[in-house]
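1. curious how this folds, go ahead:
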Amino acid sequence: MKRSLLISTTLIGTFIVATTACAQPTPKEATSQNISQNTINSQATGTMSQAIDSHLRQVLTQAGIKTQITSIAPSNLPNMYQVNLAGQAPLHITKDGKYVIQGELQKNPSKRVVTKTLPRSHSEQIGQPVSTAVKSAMLANMSALKNMSTKTPFFYTAVPGVIWGATLEGVPFLLSDDAQYITDGEISVIENGQFVGLDTAFEQRKNQSVLATLDNKQLIRYPATSTEKAVIYVADDVNCPYCRRFHQQIPMLNAKGVTVNVIGYPIYEQSPAQMRGIWCQGSESSRRQAFDKAMLQGEINPASASCNVDHVTPNRDKAAGLAVIATPAIYREDGVLYQASFESPEFLEFLGIE
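-> Sure thing, here's the model as predicted:
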């Protein structure tokens, strides 16, 4: 069963910016947080030249934005400008007009502890995890956000000072590198005067970074049985019918030269205990056999009392950076996500297999 792809645009704000009972804002802070975003932007620092204003209006008009642009001002996201639209959520756009985010910014209610701006990313760092220093500073400024921890994945985007993050449940969000402003928007790209979709170059590099961190010993591996031509990673849940249907395809894929690496990715309530039992098997072959029984025959047993080590969760937490919204989630070795039916001929084309 796939999880719904339709995630409310307000979900991330509700989920992330929920404070614990002991971290409620004072009345003064609450009043400040309720100031409209337009008011916040009118107080943003920085200058807004007429030339930049005209350039951004021209870029957006050429790209097909027909909604009235009411104003443009420096955004609270670093290195971006906020474009206010009549009756719609604002846009945040880089000075060159290449990178665009649509969404309301939410003010982080946490007390700001770290005020120094640490070194920001450069082009070679796009899609890489943020440095230890940046992550530590961000988390120090997020004490009131109950779903943030050292396990939360953060990655540099193509916009210096704008960070991509995800909850451990895989819900993505963007935030400023001082952690003061958060949005559930995503970064889109304008090329040759037209919107071309999400920043796929970032997504691919990020996914490569995530896959590189996985513990290979805790993957269930089905090696190619002919000359290897492709390697894929699949986020799987033993109770997911679509995952079971995909599992039936593995022998065919192996015969065509595809190596399949399975990431234990439980999403059903009963799955963590059941998958922990499978991953507790003493050898790679016995683990694979137990996984085959679960996927092909429906024989699933919870972890035994002697299984006191969780080999599933560490890789599951690392894979949160993939922002999986449905299982099976299938990635090529180069980090590209497959987004159609694995039962379609397009799947083999995606893998470069004839």
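
2. all strands for the stretch 151-300 of the chain, in order.
-> Listed in chain order, the strands found in the stretch 151-300 of the chain under DSSP state E, counting those that start in this stretch are 154-156, 162-166, 172-176, 181-183, 187-191, 194-198, 220-222, 230-236, 258-264.

3. low pLDDT regions in the protein?
-> In the predicted model of the chain, residues 1-47 satisfy pLDDT under 70.

4. residue contacts, residue 168?
-> With contacts taken as Cβ atoms under 8 Å, 6 or more residues apart in numbering, residue 168 has the following neighbours: 147, 151-152, 317, 320. Heads up, the C-betas are built off the backbone N, CA and C, glycines and all.

5. reformat those residues as a markdown table; add neighbour count and distance to residue 76.
-> Conversion of the contacts of residue 168 to a markdown table gives the following (neighbours: other Cβ atoms under 10 Å; distance: Cβ to Cβ, whole Å):
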| residue | neighbour count | distance to residue 76 |
| --- | --- | --- |
| 147 | 15 | 21 |
| 151 | 12 | 26 |
| 152 | 20 | 21 |
| 317 | 14 | 30 |
| 320 | 21 | 26 |
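
6. can you get me a residue count around residue 224?
-> Other residues near residue 224 number 17, with proximity taken as other Cβ atoms under 10 Å.

7. wait, it sits on residue 252?
-> No: proximity of residue 224 to residue 252 does not meet the contact threshold set by Cβ atoms under 8 Å, at 11.4 Å.

8. out of the strands of the stretch 151-300 of the chain, which comes closest to residue 67?
-> Closest of these to residue 67 is strand 194-198, at 13.7 Å (criterion: Cβ to Cβ).

9. in the sheet, which strands lie alongside that closest one, parallel or antiparallel?
-> Under the criterion DSSP bridges, strand 194-198 sits next to strand 187-191 (antiparallel) in its sheet.

10. then the strand it pairs with to CSV, C-alphas only?
-> What follows is strand 187-191 as a C-alpha-only set of coordinates in CSV (Å, rounded to 0.1, in the frame of the first residue of the first chain):
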residue,chain,number,x,y,z
ILE,A,187,13.2,24.8,-4.8
SER,A,188,12.3,25.1,-8.5
VAL,A,189,14.4,26.1,-11.3
ILE,A,190,13.9,28.7,-14.2
GLU,A,191,16.0,28.0,-17.2
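
11. buried residues, it. List them.
-> Using 16 or more other Cβ atoms under 10 Å as the burial criterion, the residues of strand 187-191 that qualify are 187-190.

12. with stretch 137-156 instead?
-> Going through stretch 137-156 with 16+ other Cβ under 10 Å, the ones that come out buried are 137-139, 141-145, 148, 152-156.

13. now stretch 262-282
-> Neighbour counts over stretch 262-282 (16+ other Cβ under 10 Å) mark 262-267, 271-281 as buried.

14. same deal with stretch 281-301?
-> In stretch 281-301, the ones that count as buried by 16+ other Cβ under 10 Å are 281, 287-288, 290-292, 294-295, 300.

15. before we move on, the earlier item: looking at the buried residues of stretch 137-156, which are in helices?
-> The subset of the buried residues of stretch 137-156 located in helices under the criterion DSSP state H comprises 137-139.

16. relative to residue 291, how far out is residue 347?
-> The span separating residue 347 from residue 291 equals 21 Å under the rule Cβ to Cβ, to the nearest Å.

17. I meant residue 84, not that one.
-> 52 Å.

18. likewise for residue 166?
-> As defined by Cβ to Cβ, residue 166 lies at a distance of 26 Å from residue 291.

19. repeat for residue 146
-> For residue 146, the distance to residue 291 - Cβ to Cβ - is 34 Å.

20. repeat that for residue 221.
-> When distance is defined by Cβ to Cβ, residue 221 is 11 Å away from residue 291.

21. what residues are shared contacts of these two?
-> With Cβ under 8 Å, 6+ apart applied, the overlap between the contact sets of residue 221 and residue 291 consists of residue 262.

22. how about the helices in the stretch 251-354 of the chain?
-> For the stretch 251-354 of the chain, the helices identified by DSSP state H, counting those that start in this stretch occupy 271-279, 284-292, 313-318, 345-350, in order along the chain.
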